[in-house]
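A.B. asks: have a look at this fold, sequence not included:
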């Protein structure tokens, strides 16, 4: 009854935004221009707005001529001032907190969050939730698991501004956050648990108690898969005793004795209807494998949600995500270069990098994310995430781009009918230097070597990589078969200070030294049963 009431109230609070979005898809240009003018007028008297003449800008073209496209490095001086306590540098509103980016490598970037930016995120979230619950009304009657990560050290900037959201429900905001908390299968309070093993155990305990779980919402599908893997390691007697309720204990014990993982999860969560997670680019494989474990569930991709902006969200009757045209002002630069285009000017089948203007004080900010337009919902483009266009590995002048690497890996694995549970390319700068294909697969070594050779050939379509290979600066791609690759990658990310729920799988990692982190399998076949390493 509590779940039904809370979810119904949440749906009622989100429905109006879905109606506004449905009206906006017929007038994309007008909607986007109105968002831009609102942001400019609200921030005209800031240091940035004064410098760029916001108060006198009357058109999109004038805005683009006065404000150049910028990446984070060029915004850092203003952000540093704001973090130190300066007011009205980028936004008129007070910065409530800084959210660290969840990128897999490089220095942490701090993104300023204001009330205006939170409202922009909420517009996208509410349209998504209203569409999801309207088309899948069974969700209303049950609980949801929203990703919760263990608390990191409480940090503040030099100006005393907090760093980091408490949990994923912070994106919801206001009174609706209380409704979400009322139906959470795993309470946000567990993030206070500092011991990582205790955190995972308590998460599994709460999930096992949730006999009415209907929705799972996580970012990385691998994160949820690894969490489920820990059921193989858990002390069943302890878990069942800690459940308290005898009927629940009997049901969980029987489920854990199931003959297959699919049967186990169907018996643990018989009412689970939807799993929401990343499903594009390098997350496509892990998402597909997660879907195989839950054939009774609908898998829904997250769309493109960056720390800086809410770019797209899924709709139940569409294969790919719709641009969040009511959230921010969006621009798109053709992948091959050229003049930036607006949301209503995009062509189906074309690829673009995304730039955003937000209420958080980022203007024509280059996200570095590459998207492909797959269709339109009336005037609103539908997109899929391709990769990070601005993420480049360049140890010897090879200038490898992650989006290109992701495409090469996908094409090679598809051609060879391989479905590795983990794959990543990274440079080994030893002797001889070269890129290494870290892959977890039961295939014979001959097949894995063939995949590495074909990947190297695919990478050589990049002029700079090919030149480095011809000069002998880089050797051919070398295969390295790993054991528990996703878990090892997550462990290393945690050691580098990332939140567990935010760790992204990537096709390319700019760091070196992974051969000393992953555990290599040297026999011709992967062992059928090897104890997991510590999480």
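C.D. replies: Cool, got the structure. All figures in this text were calculated on a predicted structure; none of them were measured in a lab.
A.B. asks: could you pull out the strands in the stretch 351-500 of the chain for me?
C.D. replies: 351-357, 365-377, 380-388, 392-393, 400-401, 422-428, 434-440, 475-483 (DSSP state E, counting those that start in this stretch).
A.B. asks: so can I have CSV of those strands showing distance to residue 126, mean pLDDT and mean neighbour count?
C.D. replies: (Glycine included, C-beta is placed from N, CA and C.) Putting the strands of the stretch 351-500 of the chain into CSV (distance: least, CB to CB, whole Å; pLDDT from 0 to 100; neighbours: other CB atoms under 10 Å) gives the following:
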stretch, distance to residue 126, mean pLDDT, mean neighbour count
strand 351-357, 19, 97, 24
strand 365-377, 17, 95, 21
strand 380-388, 16, 92, 25
strand 392-393, 36, 86, 20
strand 400-401, 35, 88, 22
strand 422-428, 35, 94, 23
strand 434-440, 39, 96, 23
strand 475-483, 41, 95, 20
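A.B. asks: I'd like the ones you listed written out as a markdown table, with distance to residue 263 added.
C.D. replies: Shown next, in a markdown table, are those (distance: least, CB to CB, whole Å):
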| stretch | distance to residue 263 |
| --- | --- |
| strand 351-357 | 41 |
| strand 365-377 | 35 |
| strand 380-388 | 32 |
| strand 392-393 | 42 |
| strand 400-401 | 42 |
| strand 422-428 | 25 |
| strand 434-440 | 24 |
| strand 475-483 | 26 |
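A.B. asks: could you pull out the strands for the stretch 151-300 of the chain?
C.D. replies: Assigned by DSSP E, counting those that start in this stretch, the stretch 151-300 of the chain shows strands spanning 155-156, 162-163, 213-217, 274-277, 298-301.
A.B. asks: where does the chain have low pLDDT?
C.D. replies: By pLDDT under 70, the low-scoring segments of the chain are 102-107, 151-153, 166-175, 497, 499-502, 523-535.
A.B. asks: which non-adjacent residue is nearest residue 10?
C.D. replies: Closest residue to residue 10 apart from its sequence neighbours, by CB to CB, 6 or more residues apart in numbering: residue 179 at 4.5 Å.
A.B. asks: the one you found: neighbour count?
C.D. replies: For residue 179, the neighbour count with other CB atoms under 10 Å is 20.
A.B. asks: so how far is residue 431 from the closest residue to residue 490 other than its chain neighbours?
C.D. replies: Residue nearest to residue 490 in three dimensions, not counting chain neighbours: residue 503, with 5.4 Å by CB to CB, 6+ apart. According to CB to CB, to the nearest Å, residue 503 and residue 431 sit 31 Å apart.
A.B. asks: more neighbours: those two, which one.
C.D. replies: Between residue 503 and residue 431, residue 503 has the larger neighbour count (other CB under 10 Å), namely 24 against 7.
A.B. asks: starting at the chain centroid, how far to stretch 198-206?
C.D. replies: Put simply, stretch 198-206 sits 23 Å off its chain's centre (CA atoms, centre = their mean, to the nearest Å).
A.B. asks: report the contact partners of the closest residue to residue 387 other than its chain neighbours.
C.D. replies: Excluding its sequence neighbours, the residue lying closest to residue 387 (CB to CB, 6+ apart) is residue 403, at 3.2 Å. By CB atoms under 8 Å, 6 or more residues apart in numbering, the residues touching residue 403 are 370, 386, 387, 388, 389, 391.
A.B. asks: widest-spaced pair of those?
C.D. replies: Distance extremes for these: the farthest pair is 386 and 391 at 11.7 Å, using CB to CB.
A.B. asks: circling back: relative to residue 514, which of the strands of the stretch 151-300 of the chain is closest?
C.D. replies: strand 274-277 (24.4 Å).
A.B. asks: please name every helix or strand in contact with that closest one.
C.D. replies: The helices and strands touching strand 274-277, judged by 3 or more CB pairs under 8 Å, 6 or more residues apart in numbering; DSSP states H and E, are strand 213-217, helix 221-229, helix 284-293, strand 298-301.
A.B. asks: would you format those as CSV with distance to residue 69 and mean neighbour count included?
C.D. replies: Shown next, in CSV, are the helices and strands packed on strand 274-277 (distance: least, CB to CB, whole Å; neighbours: other CB atoms under 10 Å):
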stretch, distance to residue 69, mean neighbour count
strand 213-217, 32, 23
helix 221-229, 32, 22
helix 284-293, 29, 18
strand 298-301, 27, 19
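A.B. asks: nearest to residue 76, of these?
C.D. replies: The closest of these to residue 76 is helix 221-229. By CB to CB, the value is 29.5 Å.
A.B. asks: that closest one to strand 422-428, inter-axis angle?
C.D. replies: 120 degrees (axes from the mean of the first three to the mean of the last three CA atoms, to 10 degrees).
A.B. asks: not counting helix 221-229 itself, show me its contacts.
C.D. replies: With CB under 8 Å, 6+ apart, helix 221-229 has contacts from 147, 200, 203-204, 216, 218, 261, 265, 275, 277-279, 283, 286-287, 289-290, 293, 422, 486-487, 490, 500-501, 503, 505, 532, 535.
A.B. asks: show me which of these are buried.
C.D. replies: By neighbour count, with 16 or more other CB atoms under 10 Å, the contacts of helix 221-229 hold 147, 200, 203-204, 216, 218, 265, 275, 277-279, 283, 286-287, 290, 293, 422, 486-487, 490, 500-501, 503, 505, 535 as buried.
A.B. asks: walk me through the domains of the protein.
C.D. replies: 117-301, 392-520 (automatic domain parsing).
A.B. asks: ok so, going back, so which of the strands of the stretch 351-500 of the chain is nearest residue 344?
C.D. replies: Residue 344 lies closest to strand 380-388 among the strands of the stretch 351-500 of the chain, at 8.3 Å (CB to CB).
A.B. asks: buried set for stretch 117-127?
C.D. replies: Buried, per 16+ other CB under 10 Å, within stretch 117-127: 117, 118, 120, 121, 122, 123, 124, 125, 126, 127.
A.B. asks: between these, which sits nearest residue 250?
C.D. replies: For these, the nearest to residue 250 is residue 125 (37.9 Å; CB to CB).
A.B. asks: name the helices or strands packed onto the one helix or strand residue 120 maps to?
C.D. replies: Per DSSP states H and E: residue 120 is located in helix 115-135. Secondary-structure packing of helix 115-135 (3+ CB pairs under 8 Å, 6+ apart): helix 2-24, helix 174-182, strand 312-313.
A.B. asks: what is the helix or strand following it packed up against?
C.D. replies: Using DSSP H and E, the helix or strand that directly follows helix 115-135 along the chain is strand 143-146. Applying 3+ CB pairs under 8 Å, 6+ apart, one finds that strand 143-146 contacts strand 213-217.
A.B. asks: elements contacting the strand it packs on?
C.D. replies: When contacts are defined as 3+ CB pairs under 8 Å, 6+ apart, strand 213-217 sits against strand 143-146, strand 274-277.
A.B. asks: using CSV, lay out these together with distance to residue 136.
C.D. replies: Output for those, formatted as CSV (distance: least, CB to CB, whole Å):
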stretch, distance to residue 136
strand 143-146, 12
strand 274-277, 6
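A.B. asks: nearest to residue 412, of those?
C.D. replies: Among those, the nearest to residue 412 by CB to CB is strand 274-277 (24.3 Å).
A.B. asks: hang on, the earlier thing: out of the buried residues of stretch 117-127, who's nearest residue 100?
C.D. replies: Taking the buried residues of stretch 117-127 together and measuring to residue 100 by CB to CB, the closest member is residue 117, at 15.1 Å.
A.B. asks: ok, the nearest residue to that closest one once chain neighbours are set aside to residue 507 distance?
C.D. replies: Nearest non-adjacent residue to residue 117, counting by CB to CB, 6+ apart: residue 360, 3.4 Å away. Separation of residue 360 from residue 507 (CB to CB): 29 Å.
A.B. asks: C-terminal to the one helix or strand residue 65 maps to, which secondary structure element comes first?
C.D. replies: Assigned by DSSP H and E, residue 65 belongs to helix 60-66. Sequence order places helix 72-83 as the next helix or strand after helix 60-66, per DSSP H and E.
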